[in-house]
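Asker: Turn this into a structure:
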Amino acid sequence: MALNDGPPFGPVVNGTMVIVFWEYRPSNVAAYLFLGLFAAATLGHLIYLIWFRAWTFIPFLLGGICQIFGYLERAAAHNHPTTLGPWILQNMLLLVSPPLLAATLYLSQHQITRALLHGTNPPTPTKRSRSCCLTCLRPTPTKTYILVDLLSIFTQLLGTILPASGTPSAIHLSKTIILTGLALQLAALGVFMGVSCGRTHARLRRAPARAMVADPGVNWLGYFVVMEVAAGMMVVRSVVRGVEFLEGGGGGVVRGHEVFVYVFDGVAMLVVMVGFLVLYPARLVREVGRLEEREKGRGGGEGGRGALLSGGGRWEGMGREWVGGLTA
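Answerer: Next comes the predicted model:
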């Protein structure tokens, strides 16, 4: 049997395999199946993005597009397993997609928290209130998360391109760079789950915001559950992909079995996309705005809005220090 008639697959120069692309022949059936699923989910997000004008979901939409074309390239690799193009493109697109999804995750958590605690149109902060930011938002360093995301995207793009040279040093360096990007993403997601999203979720469960009390029929806390599940899926996916790159070539368990890619990457990212379709963050923000308008009509002007957010007391600056009334 010739070297490239069966796995492993890779370019052969002078009778020697330069680099192993695949430890198996990629399944085109599974690739087309996931391509269709991600196409449907991405189309749903495109419709919602336009309908709700949820521009923070642009990175999320781009992440879905990366998934579509990533699985398209895996399908192409079924018939061309020794060709560089499909291998490097699917690797790059499937690695870059989760940080794009995570960027919208961070932005959505910040947006939801502000809507519940401030309202959709918070008042202009005074000089005193600027120095006392909302306590619940202090551990939400959204800009830092986005910066880490950008670094993760850059490192993983660079790491997937380097092996094209075929030199052992470039292959080793690419593995190190990709693992660094995955570690950065894991760190950001861990802090996000434990501090930003988890802490806010627990606080709102103990002391619901006024909007949550005004309309208990809305699944307010369900949005936090979706965000926490999404972050958990991304953590699992990053760990499994990290193990895959740590194994390198030579028949590692994760690297040598395609099922890991679909279960711990494809299914995990599909859960994230579908979860945000079921409970779309812009719906919650719109619901808060609707309640504000209703209270404004009842109470007249800012007094109505104040009644929704305060419940009859007064705010101390922009913080959650509340005097006389329902804690929000």
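Asker: check which helix or strand covers A39.
Answerer: Remark: A39 resides in helix 28-52, with elements defined by DSSP states H and E.
Asker: Quick check: which helices or strands does that helix pack against?
Answerer: In this structure, helix 28-52 packs against helix 58-79, helix 267-278, helix 281-299, with contacts taken as 3 or more C-beta pairs under 8 Å, 6 or more residues apart in numbering; DSSP states H and E. All C-beta spots, glycine's among them, are computed from the backbone N, C-alpha and C.
Asker: Could you dump those into a markdown table with mean pLDDT, mean neighbour count and distance to H257 added?
Answerer: Compiled in a markdown table, these are given as follows (pLDDT from 0 to 100; neighbours: other C-beta atoms under 10 Å; distance: least, C-beta to C-beta, whole Å):
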| stretch | mean pLDDT | mean neighbour count | distance to H257 |
| --- | --- | --- | --- |
| helix 58-79 | 97 | 21 | 14 |
| helix 267-278 | 97 | 19 | 15 |
| helix 281-299 | 85 | 18 | 36 |
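Asker: now these in a markdown table, with distance to V218?
Answerer: Output for the helices and strands packed on helix 28-52, formatted as a markdown table (distance: least, C-beta to C-beta, whole Å):
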| stretch | distance to V218 |
| --- | --- |
| helix 58-79 | 22 |
| helix 267-278 | 14 |
| helix 281-299 | 5 |
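Asker: In contact with the residue nearest the centre of the chain, which residues?
Answerer: In the chain, the C-alpha closest to the average C-alpha coordinate belongs to A102, at a distance of 2.3 Å (C-alpha atoms, centre = their mean). Residues in contact with A102 (C-beta atoms under 8 Å, 6 or more residues apart in numbering) are Y145, D149, Q185, A188, L189, A231, M234.
Asker: what about the helices in this structure?
Answerer: For the chain, helices defined by DSSP state H occupy the ranges 28-52, 58-79, 84-118, 127-130, 142-161, 168-191, 198-206, 210-214, 222-247, 259-261, 267-278, 281-299, 301-310.
Asker: neighbouring contacts of stretch 267-276?
Answerer: Contacts made with stretch 267-276 from outside it, assessed by C-beta under 8 Å, 6+ apart, are listed as 34, 37-38, 41-42, 45, 57, 60, 63-64, 67, 97-98, 101, 104-105, 108, 226, 229-230, 233-234, 236-237.
Asker: To what extent is the closest residue to A187 other than its chain neighbours buried, counted in neighbours?
Answerer: Using C-beta to C-beta, 6 or more residues apart in numbering and skipping residues adjacent in sequence, the residue nearest A187 is V148, 7.2 Å away. Other residues near V148 come to 23 when the count uses other C-beta atoms under 10 Å.
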